[in-house]
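Engineer: sequence first, predicted coordinates after that:
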Amino acid sequence: MERLEIENITKLVIASLQANANKGDGFEVPVGVSNRHIHLSQADVETLFGEGHQLTKKKELMGGQFACEECCTIVGLKLRAIENVRVLGPARKATQVEISQTDARKLGIKVPVRESGDIAGSAPIAIVGPKGAVYCKEGCIIAARHIHMSPADAQKAGLADGDYVSVAVDNERGTTFDKVKIRVDDSFTLEMHIDTDEANAAEISTGNKVKIVRKN
């Protein structure tokens, strides 16, 4: 193979890699700050709120979820508690509690950063409702930051479900969030979900916009 041909092929490969690395660059995403909340199994709904109880819809959320009228108290070690934690519906197969690192310290428990649904081996937590209480041997997590996208938005950004990107906050704090997972589904609207600790550190709130700066 001629040297010139090798050089040309090398340039094409490098250009392709750079194009892939820069997918999504500059794509704006609105922020949704996620406060502590609870997902309950139907069995736990009935333990906490009474036999046959169905969750009461308060506000529609994306992906078929909704904020409920129901709230509970969560309890950690040494009976440290946080009251009025919102339940999200519909009922799930397994109960899951999502909190921030600040909440974890208040409750006195060590909580892993996980994707929603990945609760195996996560932190224990007790949940107290008006009719009863449940103790979960696992199920308490700090939700990993992520971006919800519809297929159309993903196509515009040049990204796919499962990709990871870095996201920049253009304000006086100048924060960059790495390892932000892209989640794509027909039921999703464009939004980056972070917890209250992350939002406070970057001085951003729900409705603010951030930019994807590179693909990880």
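Structural biologist: Structure's in. What do you need? Residues are numbered from 1 along each chain as shown.

Engineer: okay, CA-based contacts and neighbour counts for the rest of this
Structural biologist: Noted.

Engineer: which stretches of the protein have low pLDDT?
Structural biologist: For the chain, applying pLDDT under 70 flags the ranges 1-25.

Engineer: can you pull out the helices in it?
Structural biologist: Ranges of helices in the chain, per DSSP state H, are 3-21, 42-49, 101-107, 151-157, 196-202.

Engineer: list the contacts of residue 82.
Structural biologist: 73-75, 107 (C-alpha atoms under 8 Å, 6 or more residues apart in numbering).

Engineer: of the residues you listed, which is the most crowded?
Structural biologist: residue 74 (24 neighbours; other C-alpha atoms under 10 Å).

Engineer: these two touch, right, it and residue 124?
Structural biologist: No. Counting by C-alpha atoms under 8 Å, residue 74 stays clear of residue 124, with 10.6 Å between them.

Engineer: sorry, back to before: can you redo the contacts of residue 82 as TSV with distance to residue 216?
Structural biologist: Shown next, in TSV, are these (distance: C-alpha to C-alpha, whole Å):
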residue	distance to residue 216
73	38
74	36
75	37
107	34
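
Engineer: what's in contact with stretch 93-109?
Structural biologist: Residues contacting stretch 93-109 (C-alpha under 8 Å, 6+ apart): 35-42, 44, 75-82, 110-111, 117, 119, 123, 125, 136, 139-143, 195-197.

Engineer: can you check stretch 56-73 too?
Structural biologist: Looking at what lies outside stretch 56-73 - C-alpha under 8 Å, 6+ apart - the contacts are 55, 81-90, 127-130, 187-189.

Engineer: and it, end to end?
Structural biologist: Distance across stretch 56-73, first residue to last, is 17 Å (C-alpha to C-alpha, to the nearest Å).
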